[in-house]
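Undergrad: sequence and predicted structure, then a few things I'm wondering about:
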Amino acid sequence: MDAHPIDAHAPGSGPDDSSGTGRAIVLVPHLRSRVTGGPGARDRLALRSPEAKREEAAGLARAIDLNVIRSAVVPIGELRPSTFIGKGKVEEIAALVKTDMAGIVVMDCALTPVQQRNLEKAWNAKVLDRTGLILEIFGRRAHTREGSLQVELAHLTYQKSRLVRSWTHLERQRGGFGFLGGPGETQIESDRRMIEERIARIEKDLEKVKRTRKLHRDSRRRVPYPIVALVGYTNAGKSTLFNRLTQSTVLSADMLFATLDPTMRAIDLAHGARIILSDTVGFISDLPTTLVAAFRATLEEVIEADIILHVRDMSHEDKDAQSHDVQDVLRQLEIEPERGGHLIEVWNKIDRLDTEERAHLFNIAERQTSDHRPVLVSALGGEGLDQLKEAIEQRLSLKRVVLDLILDAADGAGMSWLYRHTEVLEKSLRDDDRMAIKVRADAANAERVLSKFGLTRPSLN
């Protein structure tokens, strides 16, 4: 047995569950000797404390209504191929599972199918690894058909890798047809084939969704409304900020992955510019790659966005590690967070900070260059939202073109077209009874204006 005991936290028995199926123990393996995964992983894990990881894992378990009766950090010296943790720890945890009458053990790590099977046998309980747990949460949170398809695709991809010869029903052979001869296919082969067929059908359905989303994006491009997408670590306050800015009632709660399906609303900024604000799924550390791939159709709203708002919980002890995790997912989407002018950091939950901490953050923000300066807000209380809107408007103005037009006063069709495809800033009647109009548009619509009205090259605002 390892010399270090399990660092356990028992928050209480919670709701009674005599069957034991909902009583869960959450374990966070912590590798003491080294950090694997390259320099980037080393930096992230060094920033993230075992205690914070324990709290997050327990929060994930509670997000699917598990009764977490105990959560613990499990120090380990090296990874074991058969059980991930050492034999002594396996026996120690088996005693805890029996004492606590737990029906589920959540391991906050990625387990191989063999490791999962061996631990379930040793503990006589259902074992969920981090990927399986997040998939369970996503399955509960998806309400639209698109979200359900994306979750099912990720779940089937994960389940396919779990088809190992560990249950007797998977070892039976199904008889072949008489005219074909041969021993037939095993049950595991049949299960894998059915999963592959279902995956193929879902991918076809999602391809239709992708085409529909592209049509929607193309139609929005014909209207002069830029897209502003909210991204951030789960529970950073994105949905609360979305509700504040749009006066909506999207579900927001102190819960990991409270919302999953994307939501879009149009809002007007201080100087009259209209934008479409998009709320997306929250990110998390070690987000399964199958989920990133499955939700790519949804996250394309982020890829296509004119501005990305990276919402950060500045009251969280692991805020820097969370920021690294969000940036990693953005890079998987081929978005470079460092690209100036495209991303605005929103430092949220400053209402939870004391006066000294707030002053320190404001000082840090003021020292940043204009295209990297964060905006400090309290989405809950509304503080800083006017400054955020101004920052969005200022960034968008750098990417849009201002055009001065002269139209006949009777050209109602031309005026209507401009209102549909550009942002009309000013208009006035000239002495010669013609209309002077100043409009602002993105690069694509500016070219359409030039072509339609036969103008010279535009001036930049």
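TA: Looks like it came in fine. Numbering: from 1, shown residues only.
Undergrad: gap between residue 244 and residue 279?
TA: Separation of residue 244 from residue 279 (CB to CB, to the nearest Å) stands at 12 Å. (Each C-beta comes from the backbone N, C-alpha and C, glycine too.)
Undergrad: residue 379 too?
TA: 12 Å.
Undergrad: can you check residue 77 too?
TA: 43 Å.
Undergrad: neighbour count winner among these two?
TA: residue 279 (27 against 15; other CB atoms under 10 Å).
Undergrad: so what's that one closest to, chain neighbours aside?
TA: Nearest in space to residue 279, with sequence neighbours left out and distances taken as CB to CB, 6 or more residues apart in numbering, is residue 242 at 4.3 Å.
Undergrad: what is the strand or helix carrying residue 210 packed up against?
TA: Assigned by DSSP states H and E, residue 210 belongs to helix 187-221. Here helix 187-221 touches helix 145-161, helix 296-303, going by 3 or more CB pairs under 8 Å, 6 or more residues apart in numbering; DSSP states H and E.
Undergrad: list the buried ones in the first one?
TA: I take that to be helix 145-161. Neighbour counts over helix 145-161 (16 or more other CB atoms under 10 Å) mark 146-159 as buried.
Undergrad: from the residues you listed, which two are the most distant?
TA: Farthest apart among the buried residues of helix 145-161 by CB to CB are 146 and 159. That separation is 20.3 Å.
Undergrad: which parts of the stretch 1-150 of the chain are helices?
TA: 38-47, 50-62, 87-100, 113-123, 130-141, 145-161 (DSSP state H, counting those that start in this stretch).
Undergrad: and the nearest residue to residue 423 once chain neighbours are set aside, how many neighbours?
TA: In this structure, residue 423 finds its nearest non-sequential neighbour in residue 440, 4.6 Å apart by CB to CB, 6+ apart. Residue 440 is flanked by 21 other residues according to other CB under 10 Å.
Undergrad: and residue 440, which helix or strand is it part of?
TA: Going by DSSP H and E, residue 440 is in strand 434-441.
Undergrad: only C-alpha atoms, please: export that strand in PDB.
TA: The C-alpha trace of strand 434-441 is given here as PDB (Å, rounded to 0.1, in the frame of the first residue of the first chain):
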ATOM      1  CA  ARG A 434     -30.300  65.000 -52.600                       C
ATOM      2  CA  MET A 435     -29.700  62.800 -49.600                       C
ATOM      3  CA  ALA A 436     -26.300  62.600 -47.900                       C
ATOM      4  CA  ILE A 437     -25.900  59.200 -46.100                       C
ATOM      5  CA  LYS A 438     -23.100  57.900 -44.000                       C
ATOM      6  CA  VAL A 439     -23.100  54.100 -43.500                       C
ATOM      7  CA  ARG A 440     -20.900  51.500 -41.900                       C
ATOM      8  CA  ALA A 441     -20.500  47.900 -43.100                       C
END
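Undergrad: what comes up buried for that strand?
TA: 435, 437-441.
Undergrad: residue 347 contacts residue 361, correct?
TA: Yes: taking CB atoms under 8 Å as the definition, residue 347 is a contact partner of residue 361 at 6.2 Å.
Undergrad: joint contacts of the two?
TA: 314, 376 (CB atoms under 8 Å, 6 or more residues apart in numbering).
Undergrad: looking at the two, which is more packed in?
TA: Applying other CB under 10 Å to residue 347 and residue 361 shows that residue 347 carries more neighbours, namely 24 against 16.
Undergrad: any idea how far residue 270 is from that one?
TA: Taking CB to CB, one finds residue 347 at 20 Å from residue 270.
Undergrad: and what of residue 428?
TA: Remark: distance between residue 428 and residue 270 (CB to CB) = 22 Å.
Undergrad: can you check residue 191 too?
TA: From residue 191 over to residue 270 (counting by CB to CB), the distance is 58 Å.
Undergrad: ok, those two, which is more surrounded?
TA: Neighbour count, other CB under 10 Å: between residue 191 and residue 270, residue 191 has more, with 16 against 10.
Undergrad: checking residue 317 next. Helix, strand or coil?
TA: Under DSSP: H, G, I helix; E, B strand; the rest coil, the three-state class of residue 317 is coil.
Undergrad: ok, and the closest non-adjacent residue to it?
TA: residue 52 (5.7 Å).
Undergrad: and for that neighbour, the neighbour number?
TA: Using other CB under 10 Å: residue 52 sits among 16 other residues.
Undergrad: pLDDT score assigned to it?
TA: Model confidence at residue 52, given as pLDDT, is 86.
Undergrad: likewise residue 180?
TA: With respect to pLDDT, residue 180 has a value of 40.
Undergrad: do me a favour and average the pLDDT over stretch 23-31.
TA: On average, stretch 23-31 scores 93.
Undergrad: neighbouring contacts of it?
TA: Taking CB under 8 Å, 6+ apart as the rule, stretch 23-31 contacts 6, 17, 50, 53-54, 57-58, 61, 66-79, 84-85, 93, 96-97, 100-109.
Undergrad: now with 6 Å, please.
TA: With CB atoms under 6 Å, 6 or more residues apart in numbering as the test, stretch 23-31 has contacts from 17, 50, 53-54, 57-58, 61, 66-76, 85, 102-109.
Undergrad: just the buried ones from the residues you listed?
TA: Buried among the contacts of stretch 23-31 (16+ other CB under 10 Å): 17, 50, 53-54, 57-58, 61, 66-76, 85, 102-109.
Undergrad: contacting residues for residue 225?
TA: Contacts of residue 225 (CB under 6 Å, 6+ apart): 274, 276.
Undergrad: same thing but 7 Å
TA: For residue 225, the contact set (CB atoms under 7 Å, 6 or more residues apart in numbering) comprises 266, 274-276.
Undergrad: for PyMOL, what selects the buried ones among the residues you listed?
TA: Remark: buried members of the contacts of residue 225, expressed as a PyMOL selection using 16+ other CB under 10 Å:
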select buried, resi 275+276
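Undergrad: residue 388: which of the contacts of residue 225 is nearest?
TA: Of the contacts of residue 225, the one sitting nearest to residue 388 (CB to CB) turns out to be residue 275, at 11.8 Å.
Undergrad: that closest one: which element?
TA: strand 274-279.
Undergrad: helices and strands around that strand, which ones?
TA: Other elements packing on strand 274-279 under the criterion 3 or more CB pairs under 7 Å, 6 or more residues apart in numbering; DSSP states H and E are strand 227-232, helix 238-246, strand 263-268.
Undergrad: CA-only coordinates of it, as PDB, when you get a sec.
TA: Provided in PDB are the C-alpha atoms of strand 274-279 (Å, rounded to 0.1, in the frame of the first residue of the first chain):
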ATOM      1  CA  ARG A 274     -26.800  46.000 -33.500                       C
ATOM      2  CA  ILE A 275     -25.000  42.700 -32.800                       C
ATOM      3  CA  ILE A 276     -26.000  39.000 -32.500                       C
ATOM      4  CA  LEU A 277     -24.800  37.600 -29.200                       C
ATOM      5  CA  SER A 278     -24.200  33.800 -29.000                       C
ATOM      6  CA  ASP A 279     -24.000  31.800 -25.800                       C
END
